[in-house]
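[1] Need a 3D model of the following:
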Amino acid sequence: MSVDPRQLRRPPGRSPAHPVRGPYPGRVGAVPRAPRPRQAFLDHVDDESFPCVGAKASRARDGMEVHEFTDLGSPADDRRLWLRLRRFGTSVDSAGAEDPTLRSLAAVFAGPVPRTEHQFEQLLWAQLARLHRLDRDAGQAWAGDVSSDPADPRFSFSLGGHPFFIIGLHPSASRRARRCPYPALVFNSHRQFEQLRADGRYAKMQAATRRRDRALQGAINPNLADFGTASEARQYSGRRVEPNWRCPFRKGD
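    Numbering: from 1, shown residues only. Next up is the predicted model:
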């Protein structure tokens, strides 16, 4: 079943009626404005409790691109996002293994707020399917170093011939680390992950992130699996998917 984003509510804090919690700098007694989507996302990553050490390292080295878009589920900004992702993938490939900077691209959407994790999952895969169609229509081949079958343990999403591991965040997420004020999709270079494995950094970062996530949530995400042991598609939305879950995306659709 498809989700109409118009039927979902706006993110908290978008209403002009906010409670006054004290003076706002420069305007005595003024009502603070909620952060814009981009800033709200950065605040989420910068929060001391946010567990992902890779994202924090990327942020510290200015390796994180963050862009605002209209509603997740709306095709209005699809081409702009697709072009940014193609440029991002090309820049990662051009930098090569000698560049130690962790890079990622975050697409933060103005809304809507899914009522359930299932609704966010549907919006996420619908967005990825539209990006794939743009890629296909432009004659772009799937990245040759990963599988295009989302049931394959070696699956990774591809745009512009570059493979991406994707992390979805939204206000209704059950995982606290994924509970961002606005819907967001973070695109991480799969090839950078392979470089991290090769030089030994990946295992250390993974252990630190899982330790911090356990402290935040009480347990690590049950969907987590190393590349090649289970399809990473199960991890994209952040929802605890069922054992018989089938990814709604199919290459070429």
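
[2] The nearest residue to residue 116 once chain neighbours are set aside - how many residues pack around it?
    If the residues on either side of it in the chain are set aside, residue 116 comes closest to residue 172, at 6.5 Å by CB to CB, 6 or more residues apart in numbering. In short, each C-beta sits where N, CA and C put it, glycine included. Residue 172 has 17 neighbouring residues, counting by other CB atoms under 10 Å.

[3] Can you report how many residues lie near residue 243?
    With other CB under 10 Å as criterion, residue 243 counts 5.

[4] about what we covered before: so the residue nearest to residue 116 is in which element?
    Assigned by DSSP states H and E, residue 172 belongs to no helix or strand.

[5] cool, and residue 204?
    With DSSP H and E as criterion, residue 204 is part of helix 201-217.

[6] Please write out the alpha-carbon positions of that helix in PDB.
    The C-alpha trace of helix 201-217 is given here as PDB (Å, rounded to 0.1, in the frame of the first residue of the first chain):
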ATOM      1  CA  ARG A 201      39.400   1.100  11.200                       C
ATOM      2  CA  TYR A 202      36.000  -0.400  10.600                       C
ATOM      3  CA  ALA A 203      36.100  -3.000  13.300                       C
ATOM      4  CA  LYS A 204      37.100  -0.400  15.900                       C
ATOM      5  CA  MET A 205      34.500   2.100  14.800                       C
ATOM      6  CA  GLN A 206      31.800  -0.600  14.700                       C
ATOM      7  CA  ALA A 207      32.700  -1.800  18.300                       C
ATOM      8  CA  ALA A 208      32.600   1.800  19.600                       C
ATOM      9  CA  THR A 209      29.300   2.600  17.900                       C
ATOM     10  CA  ARG A 210      27.600  -0.600  19.200                       C
ATOM     11  CA  ARG A 211      28.900   0.100  22.700                       C
ATOM     12  CA  ARG A 212      27.400   3.600  22.600                       C
ATOM     13  CA  ASP A 213      24.200   2.400  21.100                       C
ATOM     14  CA  ARG A 214      23.800  -0.300  23.800                       C
ATOM     15  CA  ALA A 215      24.300   2.400  26.400                       C
ATOM     16  CA  LEU A 216      21.600   4.600  24.700                       C
ATOM     17  CA  GLN A 217      19.000   2.000  23.900                       C
END
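
[7] The residue nearest to residue 116 and residue 108, how far apart?
    Counting by CB to CB, to the nearest Å, the separation of residue 172 from residue 108 is 16 Å.

[8] quick one on the thing from earlier: correct me if wrong: the residue nearest to residue 116 contacts residue 123.
    No: shown here, residue 172 and residue 123 do not form a contact pair, counting by CB atoms under 8 Å, at 11.3 Å.
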